[in-house]
Every structure is written in C-alpha cells, then in structure tokens.
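[1] Got a predicted structure plus its sequence, pasted below:
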Amino acid sequence: MIESLYIHIPFCDHICAYCDFPKVFSHYFDKSLYVKRLIEEIESFSIPEKSLRTIYVGGGTPTSLSVDEWKPLLSCLSRFLPVEEFTIEANPESLTRDKIDLFRQYGVNRISLGVQSCREDVLSAMGRKHTTEDVVRAVKDLHEAGFETISLDFIYGYPGTTKADSLKDIDFALSLAPSHLSFYSLQIEENTLLGKKGTFVDDDSLAETYEAILARLEKDGFHRYEVSNFCRPGKESRHNLTYWHDQEYYGCGMGASGFVSSVRYQNTRSISEYLKGRNVRTKEKVLREDRKTEFLMLNLRLENGFALKDYEDLFHEDFQKAHEKAIQRLDGALCIKDGRAFIRKDLLYIMDSVLLELL
Ligand code: SF4
C-alpha cells in the first residue's frame, strides 16, 4: 500500500540563481485554478481515507499561496488526516502568522524553512528575497504556534563563501533551536542562471566544508542520517525516508514525479497545460535490474544503509552472495553488520565511488 503523497506548488515570487526545480513566476498564473486542478489530480488516485503516513507539500514556494488559496487544498487533504508527518516547505518572507495558524489548524506538524545562508549579501546574490530577520521572525512564530518539528535548509559552497561562513550558518541555525537541518552542496545545472554564467564549484573546498559541517553538527548533538540531512534523535524526515527507502509514493502537481505500481512518472512541466487539465505524464515501468540499482543508490545515501532482509524480500536474492566480489574489492568501504549493509561513515560523502563498484 502506498503511504506517502507529494504535492508540488510551482509558484515563486522570484527566481533564484541556482534553481533547477519545476517553477513559474507567481503573478502570471491563476493560483486558485491550479489548486482546483491539484485537487482533481489527488482525487483521481482514489487514495483510501486515512491510508497515508506522510504528506509533503514542496515547491516552488508553497507559501506563495494565500490563506484563501490554501483552504480548499487543506480541506481536500483533511480526509487523510491524521498522518504521522505532514510537512509544508516555506520561504521565510511569505510564511505569515495567519498561514502558520491555518497550517496548525489542519494538522500540519512539520515546517521546512528555506534559509540557505545567514549572510545578507549571499542571500541577495542567490536571488532570495528574505533577510535573516525574516527567518528569526518566522521561526519565532512557528515556536509560538506550537510547532515542535522545524527543519532549516542551507546551501554551502556558494561562490564567495567559505568554510567559516558555513560554520556561522550553523551558529545561526542552532540559535533558532531547530530539530532538523539540511546542508546541500551547491549544484550548478546548465539551465540555471549560475550555469549560464559559467560558474563552477571547487570540489576539494566543498569536501572540506562538508567535513567541517559534519564535525560541528555531530558535536552539537545532531545525528547525520542521510548524506545532507541531520537531526535531533527521532526527528528524521519520514517523508523523505520514503524516497531513500525506494518506496512508492503519489506525486501531484505541475512537474511532480511519482512512483506507483512499479511505474515512475513525471507530470507535465507546462503550467498552461496543467491549468487546462491536460496533464500528460511521461511514464517508465521500472524493470527489476533498474530497481536494484535505484534501491542501492537511494538506500546507501543513508548512514544506516538498508536491512539485508529488505533487499532479499524485494529481489529474492542474497545481497552478499550476489555482490560477493564487489564487496571484497571494496575492502571494508561497504560494511555488513547486524543484518544491514551501509557505507563506511567517513566515505559517505564520496559514496559514488563505492556505488560504482557495486553497480
Ligand atoms: S530555489 Fe525555491 S524559491 Fe528559489 S526559484 Fe527555486 S523553487 Fe523558487
């Protein structure tokens, strides 16, 4: 049974220099009509009431919707509540107190806030529209409204920033008492503003910054459970674990992807087609060998990897026997312990080289 639902809100009030997500400018499109189409798509799956464990609304900028635009969507989702985890991604400048109260009223129990940096000049260079003051205000409002699970997202390796800046970001983050932190290294895709400018990142300095982030967060009691994600005990993102455990999920909205009945699909990335109700999906049946590759690539991003029994149940083969030679060649880089397989802690950041041996 599928237990997770992802909903994509593609609207943004501004476009960030590094962004490769499916998104469109807010003010050009009818957001109420978008919500109507989303509800139609959610209903088309006939998801049984109370069958979901996690709901995640991401973007784009979900908080670019007004309270009145949010209400019909939340009302549609209320048939699935309560769920273990109901997350909404938010941008600090548009996470207003009335939206926070509405989210609370509808059972949202986790907010993921896009902070990215505590340096105002870096935020401005990224094309972000918030200030650190907005972040402080938003987190204060969330705490006051009773949100206990708050995640803050940061980017490291942005041109002009150093390891010291990332450590300052951590100081700033910790002063806000979040339960979860994500630190993503800057990825430059060709079709982004940064990519078009020919910007590049220095892999050695990224690796050094990552090591410093990891050491500092572990010292402060955060547990790294995925290569870029850290949390207080028990505060892992259950929705994102669905992806890393390679489980199926529904995905709704322009450009959203989903994984249903062994088929991976992606919705149209055309907002005008989606608004017309013409959501042409690309679909790909996942064959057994491809599923194995995906399973290993996703699960091995996790610090505790995967249970050998889960692999055996899914693929009807013994992982150790099937990969005996590769495991030997890896010479301890892939650990097998207590019925689990995982990448050695100090090699998680460079997992691709381990994966290459296995796949
Ligand atoms: S990074 Fe987020 S806010 Fe910025 S353009 Fe992309 S989706 Fe929108």
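    Looks like it came in fine.

[2] Every contact and neighbour count from this point should use C-alpha atoms.
    Will do.

[3] Can you name the residue of the stretch 201-350 of the chain nearest the ligand?
    Closest approach between the stretch 201-350 of the chain and the ligand, counting by CA to the nearest ligand atom: Gly255, at 11.9 Å.

[4] secondary structure class for that residue?
    Judged by DSSP: H, G, I helix; E, B strand; the rest coil, the three-state class of Gly255 is coil.

[5] can you count the residues close to the closest residue to it other than its chain neighbours?
    Excluding the flanking residues, the one nearest Gly255 by CA to CA, 6 or more residues apart in numbering is Arg269, at 4.4 Å. Number of residues near Arg269 (other CA atoms under 10 Å) recorded here: 19.

[6] doesn't Pro22 make contact with Arg269?
    Yes: the criterion here is CA atoms under 8 Å, and Arg269 meets it with Pro22 at 6.6 Å.

[7] Identify the contacts common to those two.
    Common neighbours of Arg269 and Pro22, using CA atoms under 8 Å, 6 or more residues apart in numbering, are 254-255.

[8] which residues sit in contact with Glu49?
    79-80.

[9] Look up how far the ligand lies from it.
    Glu49 sits 30 Å away from the ligand, going by CA to the nearest ligand atom, to the nearest Å.

[10] Could you pull up phi and psi at that residue?
    phi -60, psi 140 (degrees, to the nearest 10).

[11] what's the residue of the stretch 201-350 of the chain closest to the ligand sitting at in phi/psi?
    phi 80, psi 0.

[12] what residue ranges in the stretch 1-150 of the chain are flagged as low confidence?
    Along the stretch 1-150 of the chain, no part satisfies pLDDT under 70.

[13] got the residues of it near the ligand?
    12, 14-16, 19, 21, 23, 59-61 (CA under 6 Å from any ligand atom).

[14] sorry, back to before: how about the residue nearest to Gly255, what does it touch?
    So Arg269 contacts 22, 254-255 (CA under 8 Å, 6+ apart).

[15] try Val108
    85-88.

[16] Let's see that with 7 Å instead.
    By CA atoms under 7 Å, 6 or more residues apart in numbering, the residues touching Val108 are 86-87.

[17] Tell me the first helix or strand C-terminal of the helix or strand containing Ile155.
    Using DSSP states H and E, Ile155 sits within strand 150-156. Following strand 150-156 in sequence order, the next helix or strand is helix 163-175 (DSSP H and E).

[18] residues making contact with that following helix?
    In contact with helix 163-175 (CA under 7 Å, 6+ apart) are residues 117-118, 156, 209, 213.

[19] Now do the helices in the stretch 101-250 of the chain.
    With DSSP state H, counting those that start in this stretch as the criterion, the stretch 101-250 of the chain has helices at 120-126, 132-144, 163-175, 193-196, 203-219, 238-244.

[20] so can I have JSON lines of those helices showing mean neighbour count?
    Shown next, in JSON lines, are the helices of the stretch 101-250 of the chain (neighbours: other CA atoms under 10 Å):
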{"stretch": "helix 120-126", "mean neighbour count": "16"}
{"stretch": "helix 132-144", "mean neighbour count": "17"}
{"stretch": "helix 163-175", "mean neighbour count": "17"}
{"stretch": "helix 193-196", "mean neighbour count": "16"}
{"stretch": "helix 203-219", "mean neighbour count": "15"}
{"stretch": "helix 238-244", "mean neighbour count": "18"}
